[in-house]
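# Starting from these lines, generate the structure:
(2 chains)
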Amino acid sequence: MTDAGAREIMLDIENVSLSFGGVKAITDISFDIRKGEVRAIIGPNGAGKTSMLNVINGVYRPQKGTITFKGRVRRNIQPYQAAKSGIARTFQNVALFKGMSTLDNIMSGRSLRMHRNFFWQLIHVGPARDEEIAHRRKVEEIIDFLEIQHIRKVPVGKLPYGLQKRVELGRALAMEPELLLLDEPMAGMNLEEKEDMSRFILDVNHEFGTTIALIEHDMGVVMDLSDRVVVLDYGRKIADGTPSEVKSDRAVIDAYLGVARQEAR
Amino acid sequence: MSEFDQAITDTFPKLILTNARTRGRRPAMRRKDFGIWQSWSWVEAYDFMVALAAGLRRLGATRNDKIAVIGSNRPYLYWSIAAAQCLGAVPVPIYADSVAEEMAFVLDHAEIRFAIVEDQEQVDKILSVRDRLPALQAILYEEKRGLRDYDQTGLAALADVVASGRESLKEPGGAETLEQAIAQGKGADTAVILYTSGTTGRPKGVMLTYDNLIASARIGIAFDGLSEVDEIIAYLPMAWVGDHVFSYAQAIIAGYCVSCPENAETIIQDRREIGPTYVFAPPRVFENLLTLTMVRMEDAGRLKRWMFEHFLGVARKWGEKLLSGDQVPLAARLHYALGDTFVYAPLRNRYGLTNIKVGYTAGEAIGAEIFSFYRSIGVNLKQLYGQTEASVYVTMQPDGEIRPDTVGRPVPSVAIRLAANGEVEFNGPGVFQGYYKDPGKTAEVKTADGYVRTGDVGFFDAAGHLKIIDRAKDVGKLGAGGLFPPKYIENKLKFYPNIKEAVAFGGGRDHVACFINIDPVAVGNWAERNNIVHASYQELASDPRVYELIAGHVAEVNRALAAEPQMAGAQIARFLILPKELDADDGELTRTQKVRRGFISERYASLVEALYDGSPSASIRTEVTFEDGRKGLIEGEVVIRDVAVAVPSPLEAAA
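Predicted coordinates for the structure are as follows:
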């Protein structure tokens, strides 16, 4: 674990509120994500966790508050702009191209980094070809990293759920993001798959230095993986700190952990 | 061979040097990495070997040091073996899937000074037991991933050691001293220590010399005419004598190229891409390939299924005869050729056996049907009988004399005799020097006149072929006095694709009873087709319809046993299906996937009792070990089924 407090702030969220009509999804939340840390966002169902991720990568526009990414205040950003600025994400329900192979799915993650235009790609000679080879190499490194060589050519729709999640992580990594948002990366996995995924998340963090924000329900995973945890409940922040601080926080125990523990154990 | 030739070809480093000089540009090894087959020539192999040897020397490695090599099949790890041998150090390959505890025993017993390992997983295992290994000086790892934040004392990246070795070779006299060290090696030196996985007790370190390995490897090369144009895939554990001979010794002597698969799960695809000419696989691998085919055929369309079944019938009738070069009528030849176009060739292609010249299976008995299936579709599959203590070869099947139930004739220069109790003993050039630091065990196994007791009971049939029945210590007597060969019975059961593993009991008892492990793939598919819903192995294993299915197989085995006069008494009276798969991590199987009968009968003592006290079910509560070493618990009720015992057919009863 790293000393997160000493690092520079990558993403700063200040007094953000988001509502849909009369429904308040997020109310006056502030927290930051520091460079190189693993930051967990936890909370009971409907606490506003996924909304928070959607705010970070530009899907939702908050009515109030400011978001500062890499020192610059962001306004009215579109998801593709967020992606271009170095934010990648995976989804709670796997969102892959089911009919395409693992390789092609991960390759699609490189599209923002391809510079040759459509016609160059079409004739597929010279620079366009060199570019594709370079991208393929990068994709192969990711395939190697995630140990999914055996499913390289298999259509993603045919894969078991745990592997699909891994492919989705691969596609996010293909963007070479600075900030990686993971929405319940272990949902629906068995113990072994969870352990594999945990190892991959830690390895991404260590090997590539990628900053990670993750939403997760499995408390064991959260406590083991993250440097700092922010806890939401009914759209409000109720705690923020290291896993051990959060674990012993009265409000958190009342709102969340007490219940979840009984479920989990 | 002249004396001069002997002097330059009596150790593997010298042979690699010879290869670099005579066939330097030919590929020595390949490995699929990042989706592409990368290859290394013999010159590159030699360069790497000497650079690593020089690097090891700089770290202080010297003659007779023991150097462990742990990981999956990788070019760098094979060359690490050669690099150790350059210095006169003794490489000790260790099973990469051993848990830390097993590894600690070997590392400690062999007094390992350096360990060359594949990745973080192996480093972690060794570090967890390091305080018990006073001799261990450094761990060298190939893959850096995950090891960045480790305390680097006593750790080094293999690449860094090689780089430092390259530097030291440039220093004055650096290259010369290394060449001298290589020249100093002799054929009578210990080349390698291979720890046998041991169906009982602690592993034993089998010491083999260069002379042993080279002589034995040459037997196999001559027998099947292997040369530098052959191709093989290295995917079996490096610590196993078979891999050491096929992927290391024979590759270096014959000069053929060894390809390493991308990872453990891509072997079938990788084999298809390489198209090996020389294949070795335990029966399990051939069984799995066939099971996968059968499972897929169940889902195929009607026309395809008809074609498949029709032509397999033709193959059954004529295929083996064609392969053995027997007389076959022209019409049958044409029919077979048609089948070859539509079914056999595509099948061989699927299995990656299109270019196969000869394939071997050994280690366990192979099902007669499985064996015949491969031969009938034109794969020259043969059996051999070997041991670590023999540097592999004891008997082999010559072309044209293939039978599924024997292991062939003694190989040239190996002598075989049978002891009074039927135990097979052999002597030959490959006979090992002894067990490392265990003269007591060595004396138990080696006779005064140099023969090795195999521990297997067997006999020669009329044609002079050896037939192995079972392990000598396992062959028991039934209460009634009949013979009880457990493995013989288990193998008969295991030949059914639905049965993955079986453990028979009966020594000193009135009747035979057994545990059965169902095959999750085959039975799972069957269950799907029959709308049997199941969420886990345990659930599937306890389903009454699955019991019904297995009971059918057991009854058939009983009929087969009844047909053999000596075995009629050894029919299976009761069986149960275990709620968990037998696993090497739980100590139930050896690392080479053989059942450890004694251990299993202790662990499941309550179930064994229930098999014999007539109760209709028994309760079980047992620990399982997950891959990372954590424990879990399995508990439940296990149903026990009675099976009717077949009466010998009247014909035989009369005879």
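# name the element residue 80 belongs to?
In the absence of a named chain, chain A is used. Secondary structure from DSSP states H and E places A:Y80 in helix A:79-84.
# try chain B instead
helix B:75-86.
# Tell me which residues of the one helix or strand B:E44 maps to come out buried.
Using DSSP H and E, B:E44 sits in helix B:42-59. By neighbour count with 16 or more other CB atoms under 10 Å in any protein chain shown, helix B:42-59 contains the buried residues B:42-57. C-beta here means a position set from N, CA and C on the backbone, and glycine is covered the same way.
# what angle separates the helix or strand following it from helix B:75-86?
Next helix or strand after helix B:42-59 toward the C-terminus (DSSP H and E): strand B:66-70. Going by axes from the mean of the first three to the mean of the last three CA atoms, to 10 degrees, strand B:66-70 is angled at 170 degrees with respect to helix B:75-86.
# could you dump strand B:66-70 to CSV, C-alpha only?
Taking Å, rounded to 0.1, in the frame of the first residue of the first chain, the C-alpha atoms of strand B:66-70 are listed here in CSV:
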residue,chain,number,x,y,z
LYS,B,66,22.5,-27.9,-7.0
ILE,B,67,20.4,-25.5,-9.1
ALA,B,68,16.6,-25.7,-9.1
VAL,B,69,14.7,-25.0,-12.3
ILE,B,70,11.0,-24.3,-11.7
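# who are the neighbours of that strand, in terms of helices and strands?
Judged by 3 or more CB pairs under 8 Å, 6 or more residues apart in numbering or on different chains; DSSP states H and E, the packing partners of strand B:66-70 are helix B:75-86, strand B:90-94, helix B:100-109, strand B:112-117.
# quick one, domains of chain B?
As assigned by automatic domain parsing, chain B contains the domains B:3-209+B:235-243, B:281-379, B:391-472, B:476-654.
# Figure out which of those domains is closest to B:I267.
domain B:3-209+B:235-243 (5.0 Å; CB to CB).
# Please state the offset of that closest one from the chain centre?
Mean C-alpha position of domain B:3-209+B:235-243 versus that of the full chain (CA atoms, centre = their mean, to the nearest Å) differs by 21 Å.
# likewise stretch B:529-548?
Relative to its chain's centre, stretch B:529-548 lies at 31 Å (CA atoms, centre = their mean).
# Kindly report the same for stretch B:639-649.
Distance, centroid of stretch B:639-649 to centroid of chain: 33 Å (CA atoms, centre = their mean).
# That one: which residues count as buried?
B:I640, B:R641, B:V643, B:V645, B:A646, B:P648.
# What helix or strand is B:E364 located in?
Applying DSSP H and E, one finds B:E364 in no helix or strand.
# ok, it to chain A distance?
Per CB to the nearest CB, to the nearest Å, B:E364 is found 26 Å from chain A.
# pLDDT weak spots in the chain?
I'll assume chain A. Under the criterion pLDDT under 70, the flagged ranges of chain A are A:1-6, A:115-118, A:120-121, A:256-265.
# The intended chain is chain B.
B:1-7, B:198-200, B:564-566, B:626-630, B:648-655.
# Kindly recompute the last result at 50.
Within chain B, the ranges that satisfy pLDDT under 50 run B:1-4, B:650-655.
# ok so, going back, would you mind pulling up the elements that the helix holding B:E44 packs against?
Looks like helix B:42-59 contacts helix B:12-22, strand B:27-33, helix B:75-86, helix B:158-170, helix B:174-184 (3+ CB pairs under 8 Å, 6+ apart).
# Please name whichever of these is nearest to A:N93.
strand B:27-33 (33.5 Å).
# how about the helices in chain A?
A:49-56, A:79-84, A:102-108, A:118-123, A:126-145, A:161-174, A:191-203, A:219-225, A:243-247, A:250-252, A:258-264 (DSSP state H).
# for the stretch 451-600 of chain B, same thing?
Along the stretch 451-600 of chain B, counting by DSSP state H, counting those that start in this stretch, helices occupy B:486-494, B:520-529, B:537-541, B:544-562, B:597-603.
# highest average neighbour count across those?
helix B:486-494 (a mean of 23; mean count of other CB atoms under 10 Å in any protein chain shown).
# can you give me how far that helix is from the chain middle?
18 Å.
# counting contacts, what elements does it pack onto?
Counting contacts by 3+ CB pairs under 8 Å, 6+ apart, helix B:486-494 packs against strand B:466-471, strand B:499-505, strand B:512-518, helix B:544-562.
# Could you tell me the angle between the longest one and helix B:520-529?
Here helix B:544-562 points in a direction 120 degrees away from that of helix B:520-529 (the same axes, to 10 degrees).
# how far off strand B:499-505 does helix B:544-562 point, in degrees?
Using the same axes, to 10 degrees: helix B:544-562 against strand B:499-505 is 60 degrees.
# which strands and helices sit next to helix B:544-562?
helix B:486-494, strand B:512-518, helix B:520-529, strand B:572-577, strand B:631-642.
# can we see that at 10 Å?
helix B:486-494, strand B:499-505, strand B:512-518, helix B:520-529, helix B:537-541, strand B:572-577, strand B:631-642 (3 or more CB pairs under 10 Å, 6 or more residues apart in numbering or on different chains; DSSP states H and E).
# And for the first one?
Based on contacts counted as 3+ CB pairs under 10 Å, 6+ apart, the elements that strand B:466-471 packs against are strand B:381-387, strand B:392-396, strand B:423-427, strand B:452-460, strand B:483-484, helix B:486-494.
# that older thread, could you list the buried residues of the helix holding A:Y80?
A:A82, A:A83.
# quick one: contacts for B:G422?
Residues in contact with B:G422 (CB atoms under 10 Å, 6 or more residues apart in numbering or on different chains) are B:D456, B:V457, B:G458, B:F459, B:I469, B:D470, B:A472, B:V475.
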